[in-house]
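Asker: I would like to see how this sequence folds:
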Amino acid sequence: MKNHGDRLKLDPEELYRKKQEALNALRIATELISFDTMVAALQEPEEILEETAKKIQEIYKFKGVCFYLVNEENGFFYQARCIPDKDSVRFEEECAELIESGVFSLALHKNAPHFTQAINEKEFILIHPITTPRRIRGMFLAISLVGKDKFPEHVGYLLTLILFFCANLLESYETYGYLKDINTKLEEHVEALGKLNTRLIKEIETRKQKEIELKKGEERYRSIIENIEDAYVEMDLNGKLTFCNNSLLKITGYDKSEVIGKKFSSFVDKKDRSMVLKLIKGLLKGKMSNRYIQIKINIKDGGSIFMEGLLSPIKDGDENLVGFRTILRDVTNRKFLGK
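Answerer: This is a model prediction of the structure:
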């Protein structure tokens with residue numbers, strides 16, 4: 001009864017101490033969450049590991065701790081941070097032993113502290129996966145002076161919580177890295193598109209200016225064509241008239257509505273019609289360029305006149321044939337005088 005009474009006297013103090021330890025551990029774990037706000041500014045993931053190590057050492061004083069992370073390119077674990085640095089080689093040896101004995105693989109299937117005896121048989125190695133719901137991020141190793149039987153149970157639970165936060169921070173860091181790369185590439189694309197857009201705007205402006213100049217040139221050209229005494233005719237590839245000047249209308253007596261859209265050959269005397277069609281076919285095949293023609297044209301009052309000139313191809317900017325043109329002069333008087 002005496003021993004039982006003594007134990008009852010000690011229990012409240014022990015419970016209070018454990019409660020304080022638990023509250024302190026929860027405070028440390030909560031503070032670790034706030035570290036997430038700094039992830040975007042981090043340069044290396046080791047900064048997360050160092051912060052995590054500080055939080056862990058606040059809830060339990062390990063002799064040394066070491067973090068192994070997964071290399072995303074090959075899936076292997078590599079030593080990312082060891083505290084203190086001088087224990088780096090020892091942890092490499094301990095990790096190799098854990099892998100060879102199968103303890104490392106066994107621990108990956110658990111999400112709780114796992115203890116095994118150290119190589120020196122005087123200390124213990126605590127091994128704990130660093131995981132998120134999505135995947136394994138790494139492994140935490142620590143040198144402990146006590147094994148599972150004497151290790152505080154609540155510290156084990158809080159260690160799991162802290163390492164879970166650590167895993168999520170590492171995942172956030174990786175996500176920020178991906179987003180940063182994507183953002184950089186997007187900025188590069190936007191910049192390239194901006195430059196391309198600037199060039200296109202300049203090209204459009206240049207083209208508009210050229211179109212304006214071309215239109216002015218065409219207007220001057222049409223003005224000249226309209227004021228010459230000779231008849232001027234343009235036709236499409238089928239030989240239909242698409243344009244004529246006023247001189248043609250004055251010479252032949254037709255109205256513009258009676259000329260535009262009609263085949264040029266329909267105004268040519270039957271005797272000369274086959275010759276005109278042959279010349280047009282020759283121009284279509286590219287066998288000739290400018291051809292001199294002397295033809296008899298039927299005019300509106302029923303008579304006819306003799307005209308001569310050059311039949312030439314019309315080409316676009318890409319040197320594609322789009323039609324024909326001819327300037328014809330009335331040589332009826334000369335024809336009769338020649339007779």
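
Asker: all helices for the protein, in order.
Answerer: When secondary structure is read from DSSP state H, the chain shows helices at 2-34, 46-59, 88-101, 103-108, 153-227, 246-252, 270-284, 332-338.

Asker: among those, which is nearest Y78?
Answerer: Y78 lies closest, by C-beta to C-beta, to one member of the helices of the chain: helix 88-101, at 10.1 Å. The way it works is simple: take the backbone N, C-alpha and C, and place the C-beta from them, glycine included.

Asker: Tabulate the helices of the chain (JSON lines), appending distance to G75, mean neighbour count and mean pLDDT.
Answerer: Formatted as JSON lines, the entries for the helices of the chain read as follows, by distance: least, C-beta to C-beta, whole Å; neighbours: other C-beta atoms under 10 Å; pLDDT from 0 to 100:
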{"stretch": "helix 2-34", "distance to G75": "27", "mean neighbour count": "12", "mean pLDDT": "62"}
{"stretch": "helix 46-59", "distance to G75": "19", "mean neighbour count": "19", "mean pLDDT": "87"}
{"stretch": "helix 88-101", "distance to G75": "14", "mean neighbour count": "15", "mean pLDDT": "93"}
{"stretch": "helix 103-108", "distance to G75": "12", "mean neighbour count": "16", "mean pLDDT": "88"}
{"stretch": "helix 153-227", "distance to G75": "15", "mean neighbour count": "13", "mean pLDDT": "82"}
{"stretch": "helix 246-252", "distance to G75": "85", "mean neighbour count": "18", "mean pLDDT": "92"}
{"stretch": "helix 270-284", "distance to G75": "70", "mean neighbour count": "15", "mean pLDDT": "88"}
{"stretch": "helix 332-338", "distance to G75": "97", "mean neighbour count": "11", "mean pLDDT": "69"}
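
Asker: closest one to D301 among these?
Answerer: Taking C-beta to C-beta, helix 246-252 is the member of those nearest to D301, at 9.2 Å.

Asker: and the closest one, what does it pack onto?
Answerer: strand 231-235, strand 304-315 (3 or more C-beta pairs under 8 Å, 6 or more residues apart in numbering; DSSP states H and E).

Asker: so which of these comes closest to I162?
Answerer: Closest of those to I162 is strand 304-315, at 80.2 Å (criterion: C-beta to C-beta).

Asker: could you give me the average pLDDT of the closest one?
Answerer: Per-residue pLDDT over strand 304-315 has a mean of 90.

Asker: Give me the buried positions along it.
Answerer: Of the residues in strand 304-315, 304-309, 311-314 count as buried by neighbour count, 16 or more other C-beta atoms under 10 Å.

Asker: roughly how far is it from the heart of the chain?
Answerer: The gap between the average C-alpha position of strand 304-315 and the chain average comes to 57 Å, counting by C-alpha atoms, centre = their mean, to the nearest Å.

Asker: Please apply the same query to stretch 285-296.
Answerer: Computed by C-alpha atoms, centre = their mean, the separation of stretch 285-296 from the middle of its chain amounts to 55 Å.
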